[in-house]
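Colleague: Structure for this input, please:
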Amino acid sequence: MADEKTGIPEQAAAMTEEAATAEAALAEEATRGEEATAPTAAQTTEAEAEASEEAEAAEQEPLEAAAGPVPALEGKGANEASTAAGPEASAPIEPETPVPAAPAPATPETPQPAAEPNSDATPDSPAPLDIARDLAASGAASVTEGFAAVREVSAAKRAHAAARDELAKAEDEQRSLEEELDHRHEVEQNYRTILEVQNTELAEANADLAQASTEKSALEAQRLAAKDALAALKAANERDLTPYRELASSAKSSLEDAERAAREARRSVKTAQAAADNAINTRDSRVQAAMRTADNAASRLQRLQDKLAELKRDPSTGAKELSEMSGGVAAALAQLENARADVTRVTAETSQAADIAQTHLYTQRKSLEVLEDDLASAQADEKAKREKYNELKASADKREGEASDKVRDLASKIEEQEELATVSQGRIDAATATIEEAEDIHAHPEVTAALAERLHAAMAKTEEHKRVVASLAEEERIVRERTQHSRRIFYAAIVAAIAIVIIAILVFVMK
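Modeller: Numbering: from 1, shown residues only. Purely as a prediction, here's the structure:
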């Protein structure tokens, strides 16, 4: 039960939209009669197209909307049917005024109270149930009559639209025949002039075509010669530039060798300089160490000699003590002599190593000077040969470019002659076609006469279609005016039925 209640508001919203659509259709119906009074196809408007769509929609919506509420008029909703059908049958309904819902009738669960003895009703008065049934039947008849009226208007509109389409086709055919016939008359009237003008045009076009063909042939020969000259020039330039290119390449290789040798000489000088510095430092340090040793030995010897002299001056000194001191002095003297000999030997050895290192450094520096001179010479030689080759190459490229431009110019001129030939051929074809058409028209006057007869028949057919369109337009207008009241009642009944169903759904949902 909860699922059914959940879906009812959606149904109510949908039926509310249908009611709004029907009310809009009812409002537009008031002005549709004026649109249907146009008697010709030229007066077809966008409003009429919209009315056609509304009428076709109205054919479907009333059936769906009226399927439920009409039977309900006989039972529980008898009073609502009397309210919806009775007033519409006697007076027009305004589109803006919605049909009010009648009070809910008595249900079987809440029976009506019995009539009082002093009631105004008479024995001959009809029962309320009979009255309700009569009103329901009257409402159903009005709905049926309104639905039939809508279908009748739709059929009249379709017939009118089909007649307008046929009229448009007939007018197009007549217009085409008129243009063709006017063209044939114009050609026939100017036959001699056309032949004279087109023959002149044909002769000029043929002359232009022949001239373009001749110039094209000459230009093609010139382009072929220019292409051969360009190929020969490229071969000659290649032959002339090859020695200079090889010289420039050889000079570049020599320069690279000189740069590599100079880099190696710089590394050798750097290594020799380090070796010479190391030899000098070693000499200085070893000589200084040997001299310090000799100085120490000399100082010791002097101390021992001073002590020996003191002992000799002292009368108490024994022979043994003097002898020991003398031996010490002799040993110190020998040590000093050895130290001085070491100084001489170390100085000679380290000086020789330093001299050798200095000599090697000098040799490497001289080699570097020679290699740097060679490098400068190689750089100058490579630059001169490279610039010479570039100069000759630029001159050769310039000559080849001028030759290539000549070939391109000739190709462009050939394309221009081809375009002129194409234009001339088009002129020849157009003149030939015009002459052939003029001769054909002049030689077959019976075709022109037959075309005139077809035009007269087409004009008569067009007039007949215009009369049919005017007749159907008038018939549509009459049908609209005649069925306007029934269709308004039909739309009002649909709106009332939808409103009753919506109210019933809302009451059911709110229980």
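
Colleague: C-alpha only now, for contacts and for neighbours.
Modeller: OK.

Colleague: What is the host helix or strand of residue 205 packed up against?
Modeller: Assigned by DSSP states H and E, residue 205 falls within helix 191-313. Applying 3 or more CA pairs under 8 Å, 6 or more residues apart in numbering; DSSP states H and E, we find helix 191-313 packed against helix 319-443.

Colleague: Now do the helix it packs on: which elements does it pack against?
Modeller: With contacts taken as 3+ CA pairs under 8 Å, 6+ apart, helix 319-443 sits against helix 128-189, helix 191-313.

Colleague: swap the cut-off to 10 Å and go again
Modeller: Contacts defined by 3 or more CA pairs under 10 Å, 6 or more residues apart in numbering; DSSP states H and E place helix 319-443 against helix 128-189, helix 191-313, helix 445-510.

Colleague: do you know which of those lies nearest residue 401?
Modeller: Checking these against residue 401 by CA to CA gives helix 191-313 as the closest, at 9.1 Å.

Colleague: Compute the inter-axis angle for that closest one and helix 128-189.
Modeller: On the basis of axes from the mean of the first three to the mean of the last three CA atoms, to 10 degrees, helix 191-313 is oriented at 100 degrees to helix 128-189.

Colleague: helices and strands of this protein: which one bottoms out on pLDDT?
Modeller: When the helices and strands of the chain are compared on mean pLDDT, DSSP states H and E, helix 78-90 comes out lowest with a mean of 32.

Colleague: re the thing from before, mean pLDDT lowest where, among the helices and strands packed on helix 319-443?
Modeller: When the helices and strands packed on helix 319-443 are compared on mean pLDDT, helix 128-189 scores lowest, with a mean of 79.

Colleague: same for it, what does it pack against?
Modeller: Using 3+ CA pairs under 10 Å, 6+ apart, helix 128-189 is in contact with helix 46-66, helix 78-90, helix 191-313, helix 319-443, helix 445-510.

Colleague: ok, back up a step: mind checking which of the helices and strands packed on helix 319-443 is nearest residue 407?
Modeller: Each of the helices and strands packed on helix 319-443 has some distance to residue 407 by CA to CA; the shortest is helix 191-313, at 5.6 Å.

Colleague: quick check, distance from the closest one to the centre of its chain.
Modeller: 50 Å (CA atoms, centre = their mean, to the nearest Å).

Colleague: Repeat that for stretch 320-338.
Modeller: That offset, for stretch 320-338, works out to 113 Å (CA atoms, centre = their mean).

Colleague: Let's test this: mean pLDDT of it, rounded?
Modeller: For stretch 320-338, mean pLDDT rounds to 80.

Colleague: neighbouring contacts of that stretch?
Modeller: Residues outside stretch 320-338 that contact it (CA atoms under 10 Å, 6 or more residues apart in numbering) are 293-309, 311-312, 319, 339-344.

Colleague: now for the helices and strands packed on helix 128-189, which one comes closest to residue 155?
Modeller: Of the helices and strands packed on helix 128-189, the one closest to residue 155 (CA to CA) turns out to be helix 445-510, at 8.9 Å.

Colleague: helices or strands next to that closest one in the packing?
Modeller: Identification of packing neighbours for helix 445-510 by 3+ CA pairs under 10 Å, 6+ apart yields helix 2-35, helix 46-66, helix 78-90, helix 128-189, helix 319-443.

Colleague: Ramachandran angles for the residue of the chain most remote from its centre?
Modeller: What lies farthest from the middle of the chain is residue 315; by CA atoms, centre = their mean that is 129.6 Å. Note on residue 315: backbone dihedrals following degrees, to the nearest 10 are phi -70, psi -20.

Colleague: Now do the contacts for it.
Modeller: Contacts of residue 315 by CA under 10 Å, 6+ apart: none found.

Colleague: Can you add mean neighbour count and distance to residue 149 and give the helices and strands packed on helix 128-189 back as a markdown table?
Modeller: Output for these, formatted as a markdown table (neighbours: other CA atoms under 10 Å; distance: least, CA to CA, whole Å):
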| stretch | mean neighbour count | distance to residue 149 |
| --- | --- | --- |
| helix 46-66 | 15 | 10 |
| helix 78-90 | 21 | 15 |
| helix 191-313 | 16 | 63 |
| helix 319-443 | 17 | 57 |
| helix 445-510 | 19 | 6 |
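
Colleague: Which among those is found nearest to residue 160?
Modeller: Per CA to CA, nearest to residue 160 of the helices and strands packed on helix 128-189: helix 445-510, 5.3 Å.

Colleague: now the angle from that closest one to helix 128-189?
Modeller: For helix 445-510 against helix 128-189, the angle by the same axes, to 10 degrees is 160 degrees.

Colleague: Between helix 319-443 and helix 445-510, find me the angle.
Modeller: Going by the same axes, to 10 degrees, helix 445-510 makes 120 degrees with helix 319-443.

Colleague: what about stretch 376-394, distance to the chain center?
Modeller: With CA atoms, centre = their mean, you get 53 Å for stretch 376-394.

Colleague: which residues are contacting it?
Modeller: Residues contacting stretch 376-394 (CA under 10 Å, 6+ apart): 237-238, 240-259, 371-375, 395-400.

Colleague: Try it again at 6 Å.
Modeller: Stretch 376-394 has contacts (CA atoms under 6 Å, 6 or more residues apart in numbering) with 244, 248, 251-252, 255.

Colleague: mind giving me a markdown table with those and columns for distance to residue 266?
Modeller: Shown next, in a markdown table, are the contacts of stretch 376-394 (distance: CA to CA, whole Å):
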| residue | distance to residue 266 |
| --- | --- |
| 244 | 33 |
| 248 | 27 |
| 251 | 22 |
| 252 | 21 |
| 255 | 16 |
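
Colleague: distance of residue 468 from residue 365?
Modeller: Computed as CA to CA, to the nearest Å, the residue 468 to residue 365 distance reads 124 Å.

Colleague: typed the wrong thing, it's residue 398
Modeller: 49 Å.

Colleague: now swap in residue 292 and tell me
Modeller: Plainly put, residue 292 is 36 Å away from residue 365 if you go by CA to CA.

Colleague: Please apply the same query to residue 208.
Modeller: For residue 208, the distance to residue 365 equals 86 Å [CA to CA].

Colleague: and what of residue 168?
Modeller: For residue 168, the distance to residue 365 - CA to CA - is 112 Å.

Colleague: again, but for residue 221
Modeller: Taking CA to CA as the measure, residue 221 and residue 365 are separated by 70 Å.

Colleague: Likewise for residue 511?
Modeller: Using CA to CA, residue 511 is found at 121 Å from residue 365.

Colleague: Next: residue 257.
Modeller: Separation of residue 257 from residue 365 (CA to CA): 19 Å.

Colleague: out of everything not next to it in sequence, what's closest to residue 414?
Modeller: Counting by CA to CA, 6 or more residues apart in numbering, residue 414 lies nearest to residue 216, which is 5.5 Å off, once chain neighbours are set aside.

Colleague: Is it correct that that neighbour is in contact with residue 415?
Modeller: No - counting by CA atoms under 6 Å, residue 216 stays clear of residue 415, with 8.4 Å between them.
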